[in-house]
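Engineer: Build me a structure from this.
(one chain, ligands or ions: 4)
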Amino acid sequence: MPVNAEVEPSDTDTDAPVDALPVNEVFHSLQGEGKLAGVPSTFVRTSGCNLRCWFCDSYHTSWEPTHGWESVDSLVERVDEHGGEHVVVTGGEPMLHDPVVELLAALSGRGYHTTVETNGTIYRDTHVDLASISPKLASSTPTEARPPAGGDAAVGSWAERHEADRLQYDTLAALVESYAFQLKFVVTGREDLAEVEALLAELRGVTSATIRDSDVLLMPEGATREALAETCDLTAELALEHGYRYTPRLHVDLWNDAPGT
Ligand SMILES: C[S@@+](CC[C@H](N)C(=O)[O-])C[C@H]1O[C@@H](n2cnc3c(N)ncnc32)[C@H](O)[C@@H]1O
Ligand SMILES: Nc1nc2[nH]cc(C(=O)O)c2c(=O)[nH]1
Ligand code: SF4
Ligand SMILES: [Mg+2]
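Structural biologist: Residues are numbered from 1 along each chain as shown. Ligands and ions are numbered 1, 2, ... in the order given. From the prediction side, this is the model:
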């Protein structure tokens with residue numbers, strides 16, 4: 001059961017087929033972010049999210065979700081066709097969907113290393129080799145003055161909903177206690193670091209897991225090379241100042257976040 005079981009699979013069809021996931025894309029690329037940056041990986045991108053970051057680089061899984069329904073068996077077959085050792089399950093928010101549990105168990109059973117990219121608001125008891133947790137800071141909250149960057153969807157009630165739901169310490173604690181993890185924060189400005197520090201102090205206070213500074217990654221905000229160029233120098237400076245790790249966004253550097261990368 002998810003820790004916060006009241007989360008609804010918002011923005012996904014209500015007539016979801018059993019054992020199927022709403023899938024936006026499956027592709028093979030280099031892991032662009034985090035401790036495994038540079039590792040060839042097959043990505044399964046589910047659609048639908050319980051949050052709405054203004055900067056979301058996957059607009060068609062959050063603000064205007066699109067997907068086809070695909071069974072776990074069919075997804076495993078498609079992953080097998082790409083080959084390799086590493087699979088990244090991402091979204092949208094992949095932990096929203098019940099069949100993600102079976103998908104991760106099946107991938108693990110076939111010997112894949114699994115990374116789950118998650119916003120850290122929903123816990124699932126399943127097989128995860130690396131929980132790549134990206135808790136959302138106040139600077140991610142959409143407002144009328146800061147609407148979604150990837151399209152013209154209306155902010156509407158999402159300002160309040162995102163703000164209310166973005167941090168769930170019981171869920172973050174369950175994730176870091178259950179799985180090998182990284183905590184990956186999107187940095188938009190210097191002011192974000194006070195919130196990172198406060199969040200880590202709170203989380204370290206409520207969990208028995210050890211959170212090393214080297215498990216904390218600062219990632220510059222930017223869905224394009226131009227946007228990244230504005231934030232990467234400051235993010236590197238902040239990583240050095242605070243003793244945290246810097247993570248690049250290799251897929252943006254290499255391919256400008258083109259579809260399928
Ligand atoms: C699209 S999200 C999907 C997984 C999950 N919903 C989450 O937010 O962690 C994948 C990763 O991209 C990051 N991300 C999204 N938009 C970004 C942007 N404009 N700049 C930098 N990172 C971004 C998220 O923080 C997360 O680490
Ligand atoms: N190459 C590449 N690496 C990634 N790492 C995390 C991604 C994501 O969207 O979750 C991502 C992505 O979209 N592409
Ligand atoms: S939580 Fe992830 S998928 Fe959802 S809006 Fe934010 S970045 Fe996009
Ligand atoms: Mg991405």
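Engineer: Tell me the pLDDT of Ala5.
Structural biologist: On pLDDT, Ala5 comes in at 31.
Engineer: swap that for Asp125, sorry
Structural biologist: 98.
Engineer: What separation do you get for the nearest residue to Glu197 once chain neighbours are set aside and Leu193?
Structural biologist: If the residues on either side of it in the chain are set aside, Glu197 comes closest to His242, at 7.6 Å by Cβ to Cβ, 6 or more residues apart in numbering. For glycine as for every other residue, the C-beta is placed from the backbone atoms N, C-alpha and C. Distance, His242 to Leu193, by Cβ to Cβ, to the nearest Å: 6 Å.
Engineer: Same check on Gly32?
Structural biologist: 23 Å.
Engineer: which of the two has more neighbours?
Structural biologist: Applying other Cβ atoms under 10 Å to Gly32 and Leu193 shows that Gly32 carries more neighbours, namely 24 against 19.
Engineer: Report the contact partners of the residue nearest to Glu197.
Structural biologist: Counting by Cβ atoms under 8 Å, 6 or more residues apart in numbering, His242 makes contact with Leu193, Val196, Glu197, Asp213, Leu218.
Engineer: Highest neighbour count among those?
Structural biologist: Most neighbours among the contacts of His242, by other Cβ under 10 Å: Leu218, with 25 neighbours.
Engineer: close enough to count as contact, that one and Leu234?
Structural biologist: No - between Leu218 and Leu234 there is no contact under Cβ atoms under 8 Å: 9.6 Å.
Engineer: anything in contact with each of those two?
Structural biologist: Residues within reach of Leu218 and of Leu234 at once, by Cβ under 8 Å, 6+ apart, are Val187.
Engineer: hang on, the earlier thing: got JSON lines for the contacts of His242, with secondary structure too?
Structural biologist: Shown next, in JSON lines, are these (DSSP: H, G, I helix; E, B strand; the rest coil):
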{"residue": "Leu193", "secondary structure": "helix"}
{"residue": "Val196", "secondary structure": "helix"}
{"residue": "Glu197", "secondary structure": "helix"}
{"residue": "Asp213", "secondary structure": "helix"}
{"residue": "Leu218", "secondary structure": "strand"}
